[in-house]
Structures are given as C-alpha cells and as structure tokens.
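**Student:** A structural model of the following input is requested.
(chains A and B)
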Amino acid sequence: MRNSSEILIVGGGLAGSCLALALARHGLGNCLIDARPQDMLSDRNFDGRSYALSLSSQRLLDAIGIWARVSDQVEPILGIKASDGRAGEGPSPWVLHFDHAEIEEGPMGYMIEDRYLRRAFATAIGEETGITHLTGRRVTGQSVADGGASILLEDGQELTGTLLVGCDGRQSHVAARAGIRRTGWGYDQTALVSAIAHEHPHQGIAHQFFMPSGPLAILPLPGNRSSIVWSETTERAAEIQALDDEGYLDALRPAFGDFLGQVSLTGHRFAYPLDLTLAQSIVAPRLALVGDAAHGVHPIAGQGLNIGLRDVGTLAEVLVSARRRGEDVASGSVLARYADWRKVDTATLACATDGFNRLFSNDNPAIRPLRDLGLGIVNSIPVLRRSLIREAAGLTGDLPRLMQGLPI
Amino acid sequence: MPTAKVDTVDPEEIAKFEAMAADWWDPEGKFKPLHHLNPCRLDYITRQIATEFGRDLSQDRPFAGLGILDIGCGGGLLSEPMARLGGDIVGADAAGRNIPVARIHAAQSGLTIDYRHSTAEAIAETGQQFDVVLAMEVIEHVADPAAFLVACRSLLKPGGLLICSTLNRNAKSYAFAILGAEHILRWLPRGTHDWRKFITPDELFGLLRGAGLEPVDKTGMILNPVRWQWQLSERDLSVNYVTASTNPA
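**Tutor:** Numbering: from 1, shown residues only, chains lettered A, B, ... in the order given. As a prediction, the model looks like this:
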C-alpha cells in the first residue's frame, strides 16, 4: 500500500498535523492516523476554543505554509498585563505590564481560533502528497522490531514504517503501549474555557489576573471578542459549569471587573481538569513522543501548544538532518538527539508553570504581599521584564531552525 | 575469503580493531565516541560529495549512480548512510572480523553493500575505480601514508573525490586525543592511537599533492563543550580535521 520508509504519526491534533506537514515538506513521507472523522476537522463553527501562539510558534507555522492560510483571522497580542486579584476587590495596584515594543520583534504573539487553525491544517494536509491521511481510524496495537515499526488499526489493517511518533495527547496510548511510565499530579483545579463578546475594544492586550483559586486569563480575539481561561477549584468549577449562561457570567463578573463593558458568551463552554503529566522518557526504540503525549503542562502561561510545537520543530530538524546524512532516522542515536535537545526546555517549563501556579493560586496572607512586591519589582526592572517577554514570546533557548523562521 | 595484500597495513593495528569489531554498532558501547562524531563526519562528507557532483541532499537517494569506496569501513558506520543516500558502496577493511559484522548489520538494515576483507592497495590492483573514496580516521593507522595516498589516487576516476580525515600532531592533540580520550575519559581503549603517527594539515596537503591529488578543502571537527556535540569548524583544526581532494582529470 505504501513504502515502508514512512513515519507513522498517531494522533491528528495540532502537534501531529504540524509534524506531518513539517516532515512531508522536507521529503519525509508519513502517514497521519487520526481517530476523528474528516468532517469534524473542517467544521466552520466557532466552538469557543482558541490558542495563544508565541512568536516562535508563528514562525514555525509560517515555515510549513499554515500561517498564510490563517494570517487574516488572527489577533496580534500587543501587550500582557498581569496582576494579583481577589474576588470582590478587583486587581491590586501591583500590575506587571509587558509591552511588545520592548522586544522590537513585532507583536508578542497571536491569538487564533481553533476552527481556523484546524481547517487550515485539514486543507494543507489534503494538498500535501507526502502525507497519507487516515481519518476516523483507531489504533489498537503497535510493535517495533530491528527493521521498523508497525501499528495495527481497529479494522485489522497493519501499517508499517521506520518510526512511530505518538502525538496522541496527555493519556497517550502510544506511550502506554511502549511501556513508558508517566509522572505527574493533579492540581484539584479545572480550567473553564469560553469566549465572550464585549462592549469596549481590548486594544490587543492580554490580561492575567492571579486569583486565589487560580489564574484568570482574558485573551484578545479579532473584533470585540476575547477568550477566557478561568481556573477554579474543581468543585467550584463544576458548580459554575452547571450554571446557565447568565449564571456563568454572573460568577465571572466579580473577578473580571467592568473594563470591557457589557459582556456576553459566544461559542461553547469547555471544562478541562488541570494536571501535570510528564512521560518519563520521550523516546523508546523506534518511537518518539510529541506534544501533550510527552508533557502535558499546566496551561497557566498558555504554553501547552507552544512547547508542543517546539517538540515538532526539534523532531523535524533532527529527523530531516539525519535523513540528509543517510542515517537511519529511527536509530537510537538519532532519537537521543531529540530527547537531549528537549530535556532542559521541558523540565524548566514544567517546573516554572507548576511553581508559578503554586505561588499564585492561594490566598495565604503571608504570600500575597510578597508576590505583589515581586510583580512590582519585575515591572520596575526593564532588563528582567524584557527577558520575561522574550521567554513568553518563545524567543529564548536553543531554538530549532523552523522556529527561527529558517528552513532546515 | 582471499587473503588481502596488506603492504601498508600495520599488523598490530589490525589486531587491536579485530578485538573491538563486535561492538561497532552499539551506540553506547566501545565505539560510542565514533557514533558521537559520526553526524559531524557525515555532514562534511555529504556536503562535499553534493557540491562536487552537483547533487541535492533534500532529494531522495541523491547519490544514485555514484561509486563510493569506504576504506577502513569497520562495522559500516559510514557505508550504510552512503548506501541509504543511493550510492553504490564498496566497504573495505583490513581487519577481517569487521566484515561479517558489517554484512549482518547491512542485511538487518535492508541495504546492499559490497563488503570486502581487503585494502586500498589490493583493490587498486584490480583496476576498479570510484567517484568517491573515503579514508576517514585511517591514515594515522597505516604504515606508509604516502604509499597509501598513491593507492587512493589510483582508486579514483578522473575528477573523483577523496575525503581523508585524521588527527593533527601537536601538544593539544596529545592532551585531548591521547591523555584525554584514552587515559582520562576512557572513550577509547588505551593504545588506540599512536600520537607519533598523527599528521599536521600541512604535512597531509603535502602528501596529497605528492600523490598527484589536488587538495581543495580542510575543515576542523571540534567538540562543543556546552552542547556536547561535534561540529565543523573552519578555523580550529588543532585536533580532529578532515580534508577533501580531487583527482585531476
């Protein structure tokens, strides 16, 4: 059916789709296996989900031909305001303000709705001859041998290739079948995700309020709309999620304040339990993990998708370079390069977002003044602030070439 | 198996590598340093060949139609990538025990490679010629480097390319390659290298010209201590380095 030099990518979410395109565009043919049916991938309706793309993620999407398909549907993030808040009191006077002008590289990032990104990927993948796209197909087994890897589909069909890549999310079956254990913990927090329409313009500013129960992020979407990521204790989140739209908004308002004027819900409401889950290894013989399958981090800094795309940029560069050298792309020494390159980045971010959340998600009277002071100090030191902005924009660290806007 | 003519091969050197042959393909084994260096060597080799013969490395099997001889092929760490890139490969090693190891591994990888227990001189005598000859980390192990390079030239078609790497001879290479790699870090078994057989880039260029070849490039291979990766360096040829030469038409 297909030649056996293909890379088998399990999971057609954003990370898997992105990897399939990055590899195919550099001559590495692959098979992308998605459990979801095709019509779900090209649904035009706004379902309320959106992503904050860092600058480096935007460059990666540009390099694989996705950006051109979505660039007129994105909202640039021109500034980030972070502040400490407590329900009923509104934000504290200690505000941390990051402005994109300080890094001189254009906006700090972009907001994009899931529906546009998903459709752009579906179209691009359909047009790419190097990708065999299987939709509505479930994987039930996998095996690796010296010469290659194979997977078994629900309908009994077997696919063979050289390398198996698991992009199948936080509860990766690919990882589990390979015997890769996970570490992690829950936070007893749930993220409530929705989108709102509002009266006043958001000026391209993203807001992050650190509430005792968890952070509340308000992220600018095109027009007078914003995306809301609202972390609450799991118990409280369940109560709020059960309310009707009016009740939901009433619960939101005390934290939210009135700076955007009248608000109303648009799109669906989602609830995601928050936990940290790290695969103990992101590679195994003839197998690599990418995105949430490798590391599901707390979405506090909006970095989940961005570090997944960093995995994509890194793995694509490692595999494409290996192929040009004539190496076996699935050999242990090649996969070790991917694991080594990702090690520091992932650990840092997982610890940072975890620590950040623990620091901010509590109402301990001893901690609150300290963190207010901390925000004020960071804000008053331009060098520190600039480095945090660059970090948020994904411009630090040993970046893969695609994320620097360079070809591999 | 025919007995190879081994005029420039030092028998003591062969015995050392025979003892290590079985470990060739274990990236964490005795040849870990070579596996570590391999991507860097391959970057140089593939780019030189692509430039010399106008091939595009982003294409499938870019070396199709090129005859490539890998002298001192060992377990096939260079031969296999060259075969994967589409070349017609002959891998030759004076240490006979390497040959079955290399053959078994090529078969496992689904690659066709002509492995021979032979030497540069013996193949040269058959009159067979190649587009590319690789002599990577070999010349510091042969008894007569000048004669070895003459044999390499006769193995090349007119316009062919010789890629030859070795270690520089100076205080730093003694400290790194002998004291560091063999005695302190134990990367390599003690006695792998004889520092007196190391060759400076000027000496090597002289030997290459003496063999009738035209040296066209020399590049250093250095270990980046922060990323812990080997990389090519145009400036630093103080320890490991690699050269490219053409056989005038």
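**Student:** Show the subsequent helix or strand relative to the helix or strand hosting A:Gln208.
**Tutor:** Using DSSP states H and E, A:Gln208 maps to strand A:205-211. Counting by DSSP H and E, the next helix or strand C-terminal to strand A:205-211 is strand A:214-221.
**Student:** Remind me what that next one packs against, helices and strands.
**Tutor:** If you count contacts as 3 or more CB pairs under 8 Å, 6 or more residues apart in numbering or on different chains; DSSP states H and E, strand A:214-221 packs onto strand A:50-54, strand A:75-77, strand A:109-113, strand A:182-198, strand A:205-211, strand A:225-233, helix A:245-256, helix A:332-360. Any C-beta I mention is one placed from the backbone N, CA and C, and that applies to glycine too.
**Student:** B:Arg55 against B:Ile49, yeah?
**Tutor:** Yes - counting by CB atoms under 8 Å, B:Ile49 is a contact partner of B:Arg55 at 6.7 Å.
**Student:** Can you pull the residues that touch both of these two?
**Tutor:** B:63, B:66 (CB atoms under 8 Å, 6 or more residues apart in numbering or on different chains).
**Student:** Just the pLDDT for A:Gln404.
**Tutor:** pLDDT, A:Gln404: 82.
**Student:** now it, nearest residue through space, not along the chain?
**Tutor:** Sequence neighbours aside, A:Arg59 is the residue nearest to A:Gln404 in space, at 6.6 Å (criterion: CB to CB, 6 or more residues apart in numbering or on different chains).
**Student:** Look at B:Arg55 and B:Ile49 and report which has more neighbours.
**Tutor:** The neighbour comparison of B:Arg55 against B:Ile49 (other CB atoms under 10 Å in any protein chain shown) goes to B:Ile49, with 24 against 18.
**Student:** Mind checking what helix or strand follows the host helix or strand of the more buried one in sequence?
**Tutor:** Assigned by DSSP H and E, B:Ile49 belongs to helix B:32-53. Using DSSP H and E, the next helix or strand after helix B:32-53 towards the C-terminus is strand B:67-71.
**Student:** Can you find the residue of the stretch 201-350 of chain A that comes nearest to chain B?
**Tutor:** A:Gly326 (2.9 Å; CB to the nearest CB).
**Student:** thinking that residue is in contact with B:Pro81, fair?
**Tutor:** Yes - counting by CB under 8 Å, A:Gly326 does reach B:Pro81; the two are 2.9 Å apart.
**Student:** tell me, what's touching those two both at once?
**Tutor:** B:42, B:46.
**Student:** which helices and strands does the helix holding B:Ile49 pack with?
**Tutor:** Helix B:32-53 packs on helix A:304-325, helix A:332-360, helix B:79-84, strand B:130-136, strand B:156-167, strand B:214-224, strand B:229-233, strand B:240-246, going by 3+ CB pairs under 8 Å, 6+ apart.
**Student:** Can you redo these as CSV, where the extra columns are mean neighbour count?
**Tutor:** Shown next, in CSV, are the helices and strands packed on helix B:32-53 (neighbours: other CB atoms under 10 Å in any protein chain shown):
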stretch, mean neighbour count
helix A:304-325, 25
helix A:332-360, 17
helix B:79-84, 26
strand B:130-136, 25
strand B:156-167, 22
strand B:214-224, 17
strand B:229-233, 16
strand B:240-246, 24
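**Student:** For the residue most central in space within chain A, which non-adjacent residue is closest in space?
**Tutor:** Residue closest to the average C-alpha location in chain A (CA atoms, centre = their mean): A:Leu305, at 1.2 Å. With CB to CB, 6+ apart as the measure, A:Tyr51 is the residue that lies nearest to A:Leu305, at 5.0 Å, once sequence neighbours are left out.
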